[in-house]
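1. predicted model follows, preceded by the sequence.
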Amino acid sequence: MDIYAHVRTSIVSWKSDTPLPTDVPADPKFQSWHQFDPNSQRCDPVSVNENAEPACADNTSSDLILLTWNIDALSEQTQERVTEILGFITQLNSNVDIIFL
């Protein structure tokens, strides 16, 4: 990769706050966020700095509980480890909404 492409990739990575590969030229096509407007029946761009959803009016909790566990599927005894992990997760006292394995 020539120095110009390397510098350009570094600047684009820094400006967009997005990690990009440094060993190959990167020409990303960044897209803006969109939100569907039911009144106009179309998707309109949304600023990433604006709150698109109105705040909840009720006092219900909007906390989302995520649980992540990195399972190395290529190491030995994967099935046994997964069984133990799932057993451990089901014994937790918290109500987990989403589990990433």
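-> Done, it's in.
2. what's near enough to touch residue 43?
-> Shown in contact with residue 43 (CB atoms under 8 Å, 6 or more residues apart in numbering): 34-37. The C-beta positions use only the backbone N, C-alpha and C, and glycine is treated the same way.
3. again, only using 6 Å
-> 34, 36 (CB atoms under 6 Å, 6 or more residues apart in numbering).
4. got it, and residue 71?
-> residue 101.
5. element containing it?
-> Applying DSSP states H and E as the criterion places residue 71 outside every helix and strand.
6. ok, residue 20 next?
-> Per DSSP H and E, there is no helix or strand for residue 20.
7. could you check how far it is from residue 68?
-> To residue 68, residue 20 is 25 Å away according to CB to CB, to the nearest Å.
8. quick one, phi psi at the closest residue to residue 13 other than its chain neighbours?
-> In space, residue 13 comes closest to residue 20 once its chain neighbours are excluded; the distance is 4.1 Å by CB to CB, 6 or more residues apart in numbering. Residue 20 adopts backbone torsions of phi -130, psi 150, taken as degrees, to the nearest 10.
9. only the buried residues of the lowest-mean-pLDDT helix or strand in the chain, if you could.
-> When each helix and strand of the chain is scored by mean pLDDT, DSSP states H and E, helix 3-16 comes last, with a mean of 77. By neighbour count with 16 or more other CB atoms under 10 Å, helix 3-16 contains the buried residues 9, 13.
10. do a quick rundown of the helices in the chain.
-> 3-16, 78-90 (DSSP state H).
11. so residue 67 versus residue 84, what's the distance?
-> Per CB to CB, residue 67 is found 15 Å from residue 84.
12. got the domain ranges for this protein?
-> Split into domains by automatic domain parsing, the chain comes to 3-46, 66-100.
13. which of the ones you listed has the lowest mean pLDDT?
-> Per-stretch mean pLDDT for the domains of the chain is lowest at domain 3-46 (a mean of 80).
14. coming back round to it: switch the helices of the chain over to TSV; also include distance to residue 98.
-> Shown next, in TSV, are the helices of the chain (distance: least, CB to CB, whole Å):
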stretch	distance to residue 98
helix 3-16	27
helix 78-90	12
